[in-house]
Structure formats: structure tokens, C-alpha cells
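Q: sequence and predicted model, in that order:
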2 protein chains.
Amino acid sequence: MVLSSVRFMRQQRFCRCRKRYKNAHHNTYSTEAALITPLDEAKRFMVDCFVAVKTSQDNAQIIADNLVEADFRGHYSHGMNRLDMYIRDIQHGTTDPNAKPEIEKQTAATVLVNGHNGMGAVVGKKCMEFAIDKARETGVGVVVAHSSNHYGIAGIYAQQAIKVGLIGMSFTNTSPLMTPTRAKQATLGTNPMALGAPALNGDYFLLDMATTGAALGKIELAKRKQQPLPIGWALNDEGKPETNAEIAYNAMQLMPLGGTELNSGYKGYGLSMLVEVLCGMLSGSAYGPNIRKWGKSDKIANLGQCFIAIDPKVFAPGFEQRMTDLMGYIRKLSPVDPKLPVLVHGDPERNHMNKVCQEGGLRYVENQHKTNAKLADQLKITPMVSKSC
Amino acid sequence: MVLSSVRFMRQQRFCRCRKRYKNAHHNTYSTEAALITPLDEAKRFMVDCFVAVKTSQDNAQIIADNLVEADFRGHYSHGMNRLDMYIRDIQHGTTDPNAKPEIEKQTAATVLVNGHNGMGAVVGKKCMEFAIDKARETGVGVVVAHSSNHYGIAGIYAQQAIKVGLIGMSFTNTSPLMTPTRAKQATLGTNPMALGAPALNGDYFLLDMATTGAALGKIELAKRKQQPLPIGWALNDEGKPETNAEIAYNAMQLMPLGGTELNSGYKGYGLSMLVEVLCGMLSGSAYGPNIRKWGKSDKIANLGQCFIAIDPKVFAPGFEQRMTDLMGYIRKLSPVDPKLPVLVHGDPERNHMNKVCQEGGLRYVENQHKTNAKLADQLKITPMVSKSC
């Protein structure tokens, strides 16, 4: 998927140069790094790791593609950063890297899938393939999976549909980290959702968001830098908004998108429920407070996920033209700060991909290289080769 | 729809007594009113108004049902408050009260509808009927309409699906009032979305939200009361967050859900785009900045709308049981403030409906009664009869 994305970018008019949202969409720590790892070497290393713990060659490729794609797009928290955890889960038997997603039930437009505790990337890719097949038959496909695992960034599945000219949507439930409005106990997940839609000449819209105000990673970063948090990110143990990053990190209670009740935080909480309706409720997986705690691998995750593909051609002609027109209008809006142009969702990732292409690879932080060296040693595989900037 | 909702509430275990979100979900000005209007009298009056301007009896019933239902649920801004505007639009020929929504294209799971500039309530009800029919056949129905008009509260269409045991979703684009992150020009609408899902014994989840941080009505209310706005609701002409309600009201630039970029306002902006993709982009209606300005009837609205129905039965058995379990768990969460219990979306509306049932009717403000008296006089129909509290 990564290499085809690179080709895709080069062929199409993707290499528009735009400033990124500062500290908004990504963990941007990669810019501090001194080593550059080519995309195909990052993938090679991860494939070798998965194969070393007895993952089939096909599945190893799918999982590595998923993780490198996240890094390529600048979502480093969801890329190789997860490799260590994935390998450990496979070694401990918490996940089954060779499980085959199975159709349990289907109609002309829907599929219920049993993920059989397989890797999220494998289950997700197969589910979106089913959704695309159904959309090609009937205009829409809705696929719901239970017994799945962390599936990486939700946007990858939306992108899978975009590449064949369809609208793609994806949703997953996650471990409880978000506290509903008025409560003081994390009950629902960050429950991300994505929607992607193609425009002309390979351009596209791609929204990929957690339904919380901020990711846990951002609070961790503020804690490390001893910076205060804005109101609206996190609560303390009493359920009050907390600005001290250390107290907030220990409390592990994220606020829903919107933040306080006055600022409509109940809408973000409602969106998290929307994701849970489409995932846990429809699929019969674990849900809400029943999902294992964040960072724990003591029991299987049994996550629920939902994938939707819609063929714009079954509606009014000219869909991609309208997308291009609206996105073009928005990108040309006069910005408040001339240094920060108005963006459309997907632009920050495109900018990161451009940067990676220009630099010839990914900039992983030192800790990632250390983790990789340990993994190479432990699994007896060729270490990852990077070059100095 | 209203009267059947009353029966539905009486038959089912809806009359749970819960506190409402204060100043969060509704215009609550009705509590100041001194007169009570029975639901059937409010409906009778509105039907007479529509029939007087040559609306068919059937369509008059549908539109009046839609408006009374909004009032019944406590969303007074979207109920009889709109009657005057609807009547004026019909009289000026801006909308056609007798237009028949027409199927332009369909597959086993999708329909494209031409609303022929009919009333939004008529187009919306028919579209959700199509979506329900498709969902019964294939498990899912996606219906998209162009050439529609304001369709009332989005939740009404989700509720239509809930009543037959399905998940219902609804989306509509609206006049530009929301300013994308980093910009200083209102470009997209408040673009509301709704998702409803049935639980056991008539209970249900019903999220019905605009994708902005606050409704324009809330800013108008703060202006009238000379109260400051919180950061995150609105911008001034320079595109900076504004706390002075009068300046904000004149600027007419709402912030997306989340508010500032630091608080992930780009997610709310992305959700507004998601709604536009499903509405304007798919349907070929007006979209984004091309939609007529808010409050203007100088040209036809040509709104785009999307309706989705999903049959939970095509996925894992036990959907309603899981909904009841999760909603019950959340409602029992220990609240930060014991006077403000944790709610599930739909609870505030249920509380309002209980209150209306207990009081024997709706409490309209004095201005509404004055407007109605003028309408009755102008249209030569029997005035609305209310009783003192």
C-alpha cells in the first residue's frame, strides 16, 4: 500500500506544498531525528519481524503496509511505534497473526465478519474489500466485524475505498478512556471515525479523527515538556477539567470533542456513542466499559469495527467535480494568519508524504531505533538500515 | 407522529424522570410562558394555516406533525417558530407545498430523490420511508435528495427508523454560517446530523446535533441577556474568537464543534464536511458557500439531504439488549454534581415530553401567540386556543 501510495502521489498532482497544522494532527517528533529510513526498508524490517514470530508472508505484508502507511502520513503514534506491542501480543498468543476473517452472515449490501482474533490490519483490509464489493453491486456496502484488534489509523480503510473511486468510512471501538459529560469515570473509547471521498485528478478529502478533544499521546507529550493543558482535553479523578498534564495523565480520563458541557462536549460524547452503535452494538464484540483497559494485553481485545463503502455513481453525476470545486474554494479562503493557510482534511498528511518523498524516507526517533535493534537481536533478523541526514 | 409519540410514551417505559441539560440542548424559554396549548390544538392550527395557503390536507398534516414534534421534544427553535417563515415561503412561491418527491435513480439499496422544491418535512419523511424499505430488503438503505428545503430537526427521521426497529441516520446541509479552522468567512452550514438506535422496551438512543459548537439561537439569547460568550462559540469579522455576543451575532461566523484549533475545532469542521459529502456532493444540490444566505428567501434553497436506515438484524443477534445494557450502565454512572445526573442522548427530549404530558400541552412564548393571532387573521382561520396555567 505504501509503495503504491508513493507512485500514486508522483503520478497525480499530490505534491502541493502546504504548511501543516502545528501540534494539531500528529506527533511531529520525527523532525528532531537524525536518521532517515527509506519506506521500503522500514517495511522490510517489519515484515521480517512478523514472519519471525510465524506470521504468514501475506499477513506480514498487510500489517507492515498498514504501519508504514501511518508513519508515511505523519501519524507516528500509530505506525512502527506499535510494532513492539504487536510482536509481544503475537508471542503471548493474545492475537492470532494467521487467523482468517470469516463471513458469518451476509445480504446483498451487508456482511457480518468474525475476525477470529486476527490482527486488526488483516481483518480491516478484508472487511473494506467486502464493503467495496457490495458497493459495486448495490451502491453501498456495510461490513461489521467482531473479534478484531487494533487496526491502525481509521483513514487507511477510507483511503482503500478512495483508490477505487468510492466514498469510504471506517469506525472502531477502543479501550475506555473517555468520560461522558457529567461523569467521572472513563467509560467509552476514543472511538475514531474516518470518512474519505475522491475528487478529480487523484485529489481527495480524508477526515480521520478520534471523538475525543485530544489524544492521550498529546497529554503525555505535555507532561514530558511540563506544559499546562488547555481546558477541554482531560479531567482529574474528581471529573473536573484538569490543566496539570501529570495529574491528567495519571487520571486517564479524556474529555469528548467539544470539552465541557457549555462547549457542547455532549456532542463529542454522542459521536463516541455513534461509533459504539456501529461497532460494538452491531457486531456483538466487547463494548464500552467491557473492553480491556488501555495498554493491557491480559485478555483478548475483541474489538468491534465498521466499514462502509458508497459508490457516488449511483447518485447525481459530477461528484468528483463538486468535491474539487468545494475543496478548491476552501483552500483559497483568506486565512486569519497568512502563515497558516486554510486546509482541507487530508492536506496535512499529503504535506508529510511530500516531505518524506523529498527526504527519501522516514525520521524515526532514537527510542524507536533502540527498540528495533532489540527486536532484531531477539528475533534474529537483519537490523533496520537507516542513513544519516 | 406527535400523537403516536404520546401513545408510544404512555405504553412504553419512557416516563423516567430525569433532569435536563441546563442551557445545553434546547431553547428553554417555554418555562416562562403563561399559556398551555394542547398538542392536538397546536397541530390543528398549523394544519389550518397550511391548508389556507393551498397545501394538500396530507402534506399539511405531515408538516404540522414535524413542527409539533420539535416543540414536543423541547426544540422550540425548530417547531412552530418556523410556521410564519414556511407560510411566507409558500405564499411567495419560494417553496411548493404540493410537490411530490420523485425517484430519479435507484439500486437495491439506494435511491436518489428529486424533492422538486417541496417542503423539507414532506421530502424527508418520504426519503426515510424509502430508506426503511431498502433496509428491509438488503439490510441497509441510503437515500439522498436534492431540491429540498429546511426539514426540521434531523432527529425526527432517525426516530422514524427507530419506531420500526431500525437504526436511522439523517444529515442535511444548510446555509453558510460556520467558518472553517484558520479562515474568516462563513463557508459551510451548521450541517446537522442525527443517529438513532432502538433499545429494549421502547427505550432508544438519539443523537441529534449541529456540527458547530453552538447554535446561532444561543448567541442571540446571550445578546438579548447581555451575557458574554465562552471562547469556542463564535468569531468576529477578523476571524478571532469573540466573547461579546452582540459583535458575534453581527459577524455571523459560528465556530465548528471543538472551537479553536488547539481544542480540535478542525474535527467539527471535518464533520461539517462529512455532512456536505453525504448531502450536497452526492445529491447534486446547492452546497457550501453556494447555498442561499441564512434567513433569506430570495431564491430557492435547493438543499441536499441524506437518510440512512440499517437493520440490526442482519448483524449479530441481541442488538437491543446491548443498547439497553450500555445505556443503563452510563445512566448509572456516578455524576460529578449529584444534581446533574449522567444522561444518554434522547433523555433531555424524553424529559421535556414527560413535562408536556403532565402539563397537558406546550408553553409557547407570548411572541408566538401574537404571530399566530396575526396569521389566523390574515388567513381567515380559527385562532389557536390555549388555556391559562
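A: Cool, the structure landed. Note that the coordinates shown come from a computational prediction; the quantities given were computed from them, not determined experimentally.

Q: please make it C-alpha for all contacts and neighbour counts, starting now.
A: Noted.

Q: show me what from the stretch 151-300 of chain A comes close to chain B.
A: Contacts of the stretch 151-300 of chain A with chain B, taken as C-alpha under 8 Å from any C-alpha of the partner chain, map to A:180-185, A:187, A:195, A:197, A:207, A:209, A:213-214, A:230, A:232-233, A:238-240, A:257-259, A:261-264, A:267, A:270-271, A:274, A:277, A:281-284, A:288.

Q: what residues sit buried inside stretch A:377-389?
A: Applying a neighbour-count criterion of 16 or more other C-alpha atoms under 10 Å in any protein chain shown, one finds A:379, A:383, A:384, A:386 buried in stretch A:377-389.

Q: pick out whichever of those residues sits closest to chain B.
A: residue A:386 (34.0 Å; C-alpha to the nearest C-alpha).

Q: OK, contacts around the spatially most central residue of chain A?
A: In chain A, the C-alpha nearest the mean C-alpha coordinate belongs to residue A:153, at 1.2 Å (C-alpha atoms, centre = their mean). Neighbouring residues of residue A:153 by C-alpha atoms under 8 Å, 6 or more residues apart in numbering or on different chains: A:70, A:75, A:78, A:208.

Q: show the buried residues in the residues you listed.
A: Neighbour-count burial (16+ other C-alpha under 10 Å) applied to the contacts of residue A:153 gives A:70, A:75, A:78, A:208.

Q: identify the farthest-apart pair in those.
A: Largest separation among these by C-alpha to C-alpha: A:78 and A:208, giving 12.5 Å.

Q: backbone dihedrals for whichever residue of the stretch 251-389 of chain A sits closest to chain B, please?
A: Using C-alpha to the nearest C-alpha, the closest approach of the stretch 251-389 of chain A to chain B is made by residue A:258 at 4.1 Å. The phi/psi pair for residue A:258 (degrees, to the nearest 10) reads phi 110, psi -40.

Q: tell me where the longest helix sits in chain A.
A: Assignment by DSSP state H gives helix A:120-138 as the longest helix of chain A.

Q: tell me the mean pLDDT over it?
A: If you average the pLDDT over helix A:120-138, you get 98.

Q: likewise for stretch A:265-272?
A: Averaging pLDDT along stretch A:265-272 gives 98.

Q: how far off centre is it?
A: In terms of C-alpha atoms, centre = their mean, to the nearest Å, the centre of stretch A:265-272 is found 19 Å from the chain centre.

Q: now swap in stretch A:340-347 and tell me
A: 18 Å.

Q: please apply the same query to stretch A:41-58.
A: So, by C-alpha atoms, centre = their mean, the centroid of stretch A:41-58 is 20 Å from its chain's centroid.

Q: how about that stretch as PDB, C-alpha atoms only?
A: Below are the C-alpha coordinates for stretch A:41-58, written out as PDB (Å, rounded to 0.1, in the frame of the first residue of the first chain):
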ATOM      1  CA  GLU A  41      13.500  -0.700   4.400                       C
ATOM      2  CA  ALA A  42      11.000   0.200   7.200                       C
ATOM      3  CA  LYS A  43       8.600  -2.200   5.600                       C
ATOM      4  CA  ARG A  44      11.200  -4.900   5.000                       C
ATOM      5  CA  PHE A  45      12.200  -4.800   8.700                       C
ATOM      6  CA  MET A  46       8.600  -5.100   9.900                       C
ATOM      7  CA  VAL A  47       7.800  -7.900   7.600                       C
ATOM      8  CA  ASP A  48      10.800  -9.800   8.800                       C
ATOM      9  CA  CYS A  49       9.700  -9.200  12.500                       C
ATOM     10  CA  PHE A  50       6.200 -10.600  11.800                       C
ATOM     11  CA  VAL A  51       7.500 -13.600   9.800                       C
ATOM     12  CA  ALA A  52      10.000 -14.400  12.600                       C
ATOM     13  CA  VAL A  53       7.000 -14.800  15.000                       C
ATOM     14  CA  LYS A  54       5.400 -17.200  12.500                       C
ATOM     15  CA  THR A  55       3.100 -14.800  10.700                       C
ATOM     16  CA  SER A  56       2.400 -15.800   7.100                       C
ATOM     17  CA  GLN A  57       4.200 -13.800   4.400                       C
ATOM     18  CA  ASP A  58       0.900 -12.400   3.100                       C
END
